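[1] Coordinates for the following, if possible.
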Amino acid sequence: MATLLPYVSPKTGQTLNNQGDQLISESGEQFPIVKGIPRFVPQDNYASAFGLQWKTYAKTQLDSFSNTRITQDRLERCLNMPIEGLKDKTVLEVGAGAGRFTELLVKGGGMIHSVDLSVAVEVNKENIGNASNYQIAQASVYDMPYADNSFDYVVCLGVIQHTPDPEKTIKCLFDKVKPGGTLVIDHYIWRIGYYSTLTPLFRAVLKEMKPAKSQKIVNGLVDFFFPIHWALKDKGIINWLIHRVSPLIVYINLFPEQDKKFHYEWSKLDTYDQLTDYYKHLRSPKQIQSTLESLKGKNIWINKGGNGVEARCEK
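    Numbers count the residues shown, from 1 in each chain. As a prediction, this is how the structure comes out:
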């Protein structure tokens, strides 16, 4: 029967043993356990805005909360199989956030090892609970508490574009995949249209603010622009012109079956995400393909969809 993997020191690779409120290695390295979650990074870091985001919108994007299959459809498309195909597989989820993908990975029956750089790990644990096939830690993608070549699947969705160096991030993820295993990722797509809006200007100001202050301003922007987007959702060119000025992320035309409340909440969440991320990178499908080829990934799959560019390869 499959079991969860032990934590190891990101620096020395030594196995860590649980001793009350700490994880300790043979050589004496110590990592605190806070609120039942191992911490391998300082709680305040460049992802602090994401931590506030997921604490504020703890359940908004969970399929179990919205009664949709939005996240499951995206995950299964990227995996190229139903989530049940993960049963008894070792899975590393990087950038777990509040748990929109975590809850589905756990439901699929794999041994789920989730990490996130921000304090969103606390929300994730609250949402997932004490499932026997799940554990979560606060850690950096560049110093993960697991040995290389350990996982059947490494899944990182909605994250890589927000890290300091996307290519280095993809390599770190690939390193954790065992031979014969699969890497599943996505990335914001490069598009000239992003630079033809006011969004980069809003972001340049807001990302330098304290999260609580920037969140208040973003909420004000949503309250002002969202009614305009909603009223003009069927107006074609006028709606397009509004997007040149408005910094909002809206999914009104993508999910027309959802009501106004649903779209308002998702707009608040993802607009805050878009305007306060400390790092934002854009990559073309060709660039993602090239990165995976440089790692000698096999059976590479590239798709335009979801967050922008979706990709999968085997090791």
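
[2] which residues in the stretch 201-315 of the chain form strands?
    298-305, 308-314 (DSSP state E, counting those that start in this stretch).

[3] ok, residue 286 - how many residues close by?
    11 (other Cβ atoms under 10 Å). Just so you know, the C-beta spots here come from the backbone N, C-alpha and C atoms, and that holds for glycine as well.

[4] What of residue 42?
    By other Cβ under 10 Å, neighbour count at residue 42 equals 7.

[5] With residue 294 instead?
    By other Cβ under 10 Å, 12 other residues sit near residue 294.

[6] Can you tell me how far it is from residue 174?
    In this view, residue 294 and residue 174 are 10 Å apart by Cβ to Cβ, to the nearest Å.

[7] and the longest strand along the chain, average pLDDT?
    Counting by DSSP state E, the longest strand found in the chain is strand 177-187. Strand 177-187 shows a mean pLDDT of 98 in the predicted model.

[8] now that strand: how far from the chain's centre is it?
    15 Å (Cα atoms, centre = their mean, to the nearest Å).

[9] Next: stretch 61-69.
    16 Å.

[10] do the same with stretch 202-213
    20 Å.

[11] what sits up against that stretch?
    Residues outside stretch 202-213 that contact it (Cβ atoms under 8 Å, 6 or more residues apart in numbering) are 48-49, 51-53, 214, 217-218, 221, 247, 274-278, 280.

[12] how close does the residue nearest to residue 83 when sequence neighbours are not counted get to residue 307?
    Nearest residue to residue 83 in three dimensions, chain neighbours excluded: residue 108, at 3.4 Å (Cβ to Cβ, 6 or more residues apart in numbering). For residue 108, the distance to residue 307 equals 20 Å [Cβ to Cβ].

[13] Let me know the pLDDT of the closest residue to residue 69 other than its chain neighbours.
    In space, residue 69 comes closest to residue 63 once its chain neighbours are excluded; the distance is 6.1 Å by Cβ to Cβ, 6+ apart. You'll see residue 63 listed with a pLDDT of 93.

[14] Then the one 5 residues further on?
    Looking at residue 68, its pLDDT reads 94.

[15] Which of residue 108 and residue 307 has more residues huddled nearby?
    residue 108 (24 against 17).

[16] from memory that one sits against residue 84, does it?
    Yes. Here residue 108 reaches residue 84: they are 5.6 Å apart, a contact under Cβ atoms under 8 Å.
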